[in-house]
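> Output the structure for:
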Amino acid sequence: MADPLSSLNGFLEGLNLSFGNPVGLATNVFLSSIVGGIVILIIVEIFAKKFSEEVNPMHAFLLAFIVSMINMFGLIPLLGGFVSALPFAGILVMVLPVLVWFVLVKLFFGDLELLHVLVISVVCYLLSIYLIPMLVSMLSGFIPI
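Next up, the predicted model:
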């Protein structure tokens, strides 16, 4: 049985990252936090301006950092024992990332209404899967490491 650190290293090697390259790993986390924070801030500000709600821009970058860390270590490995014990675990695994996004967005942007938090959560989840990694990989080409 492989230990979790070697399987995590195997996953990170596919991204040209590993715990053997801490500078590259830190650079990736830093870039994904900045790019993700900008994208999240744009989305949240659109909703905040449209519906006259107040948001703190720093919370978008903190949210992006936490999501970067969750994406790096994986959500299911962190909650795997808990999720596997529940009935309908397959459905829960599909809904769990959106629920985590919902909780985090509501935690960081508590002044937003629940419907706005739900829409922002779904949009940010989809963007964190498709757009943000693409932007981070484009920007990482400009960093000489």
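
> In the chain, which helix is the longest?
Longest helix in the chain by number of residues (criterion: DSSP state H): helix 22-50.

> What is that one packed up against?
helix 57-73, helix 114-140 (3 or more Cβ pairs under 8 Å, 6 or more residues apart in numbering; DSSP states H and E). (C-beta placed from N, C-alpha, C; glycine too.)

> pLDDT on the first one, on average?
With pLDDT averaged residue by residue, helix 57-73 scores 89.

> List of residues touching it?
8, 12, 29, 32-41, 44-45, 78, 100-101, 104-105, 108-109, 128 (Cβ atoms under 8 Å, 6 or more residues apart in numbering).

> again, only using 7 Å
Helix 57-73 is touched from outside by 29, 32-33, 36-37, 40-41, 44, 100, 104-105, 108-109, 128, with contacts defined as Cβ atoms under 7 Å, 6 or more residues apart in numbering.

> Closest one of those to residue 138?
Nearest to residue 138 among the contacts of helix 57-73, counting by Cβ to Cβ, is residue 32 at 12.0 Å.

> Low-confidence ranges, this structure, go.
1-20, 75-84, 89, 145 (pLDDT under 70).

> From residue 144, how far out is the most centrally placed residue in it?
Centroid-nearest residue in the chain: residue 67, 2.7 Å away (criterion: Cα atoms, centre = their mean). Distance, residue 67 to residue 144, by Cβ to Cβ, to the nearest Å: 26 Å.

> All set now, cheers.
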